[in-house]
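Novice: can't give you the sequence, but here's the structure:
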Ligand SMILES: O=C1O[C@H](COP(=O)(O)O)[C@@H](O)[C@H](O)[C@H]1O
């Protein structure tokens, strides 16, 4: 039988409480890290409130932005100003509002390249960053990784039934033909190389998939994710369902 990873579940009253919990968690990690802090951001809608919170007091002034680098776990292959762009969402909600150096922002390229070239280029950027800042101390690629849980169990743009799920060498691949727009996604080996990871899960629409996740339904890409560091699931009550309220940690 596959050994189950230890997962910490945190169930918060609503999406606002969820965003505060995750903002505090990120601030703790960043403050407790000496030197460069690398955060892998998620896209979609769920993290928007968190990003807005980080851009406001007290987080805006307390966060060590000057030594923080941000990356993305996945991107839609659209121009940066497209409403679907994960970069655009994070930039509007957070990055354009805090004193983070432009050189510390590492968007997935989506213009002037083929999807395959974009994936290769981002992989090279991640590897260069890793070698420059992580090699000597054997630290993880990311200090913190944020992930969403899609209703079909996808994380980043690792969708059920796709070849990307089998990838163990490449750190970044292009995913064509699943969604209307091509995606660029980090693969399991890159996403798993994180000291701390949190799935952010909010809203009633996530009820069924979160239930399947908790039952370790291995058909879900999110269940097959086995990070090297700590893993937590931070959910609101509508995603978790009332029966979960007294059952907050699971091995
Ligand atoms: O398409 C995507 O969806 C997932 C889940 O988004 P959510 O808003 O339903 O939590 C997201 O994590 C990913 O970055 C995004 O590209």
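Specialist: All right, it came through fine. Quantities reported herein were computed from a predicted structural model and do not represent experimental measurements.
Novice: got the residue ranges for the helices in this protein?
Specialist: Assignment of helices within the chain using DSSP state H yields the ranges 15-31, 48-54, 59-62, 86-93, 115-133, 188-191, 207-214, 237-240.
Novice: so which of those gets nearest the ligand?
Specialist: helix 86-93 (5.4 Å; Cβ to the nearest ligand atom). Glycine gets a C-beta too; all of them are placed from N, C-alpha and C.
Novice: that older thread, turn the helices of the chain into a markdown table, columns for distance to residue 39.
Specialist: Output for these, formatted as a markdown table (distance: least, Cβ to Cβ, whole Å):
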| stretch | distance to residue 39 |
| --- | --- |
| helix 15-31 | 7 |
| helix 48-54 | 10 |
| helix 59-62 | 13 |
| helix 86-93 | 10 |
| helix 115-133 | 12 |
| helix 188-191 | 13 |
| helix 207-214 | 23 |
| helix 237-240 | 23 |
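Novice: got JSON lines for the ones you listed, with mean neighbour count, mean pLDDT and distance to the ligand too?
Specialist: As requested, the helices of the chain are arranged in JSON lines below (neighbours: other Cβ atoms under 10 Å; pLDDT from 0 to 100; distance: least, Cβ to the nearest ligand atom, whole Å):
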{"stretch": "helix 15-31", "mean neighbour count": "18", "mean pLDDT": "98", "distance to the ligand": "11"}
{"stretch": "helix 48-54", "mean neighbour count": "21", "mean pLDDT": "98", "distance to the ligand": "8"}
{"stretch": "helix 59-62", "mean neighbour count": "14", "mean pLDDT": "98", "distance to the ligand": "21"}
{"stretch": "helix 86-93", "mean neighbour count": "20", "mean pLDDT": "98", "distance to the ligand": "5"}
{"stretch": "helix 115-133", "mean neighbour count": "16", "mean pLDDT": "96", "distance to the ligand": "14"}
{"stretch": "helix 188-191", "mean neighbour count": "21", "mean pLDDT": "98", "distance to the ligand": "11"}
{"stretch": "helix 207-214", "mean neighbour count": "18", "mean pLDDT": "96", "distance to the ligand": "10"}
{"stretch": "helix 237-240", "mean neighbour count": "22", "mean pLDDT": "96", "distance to the ligand": "10"}
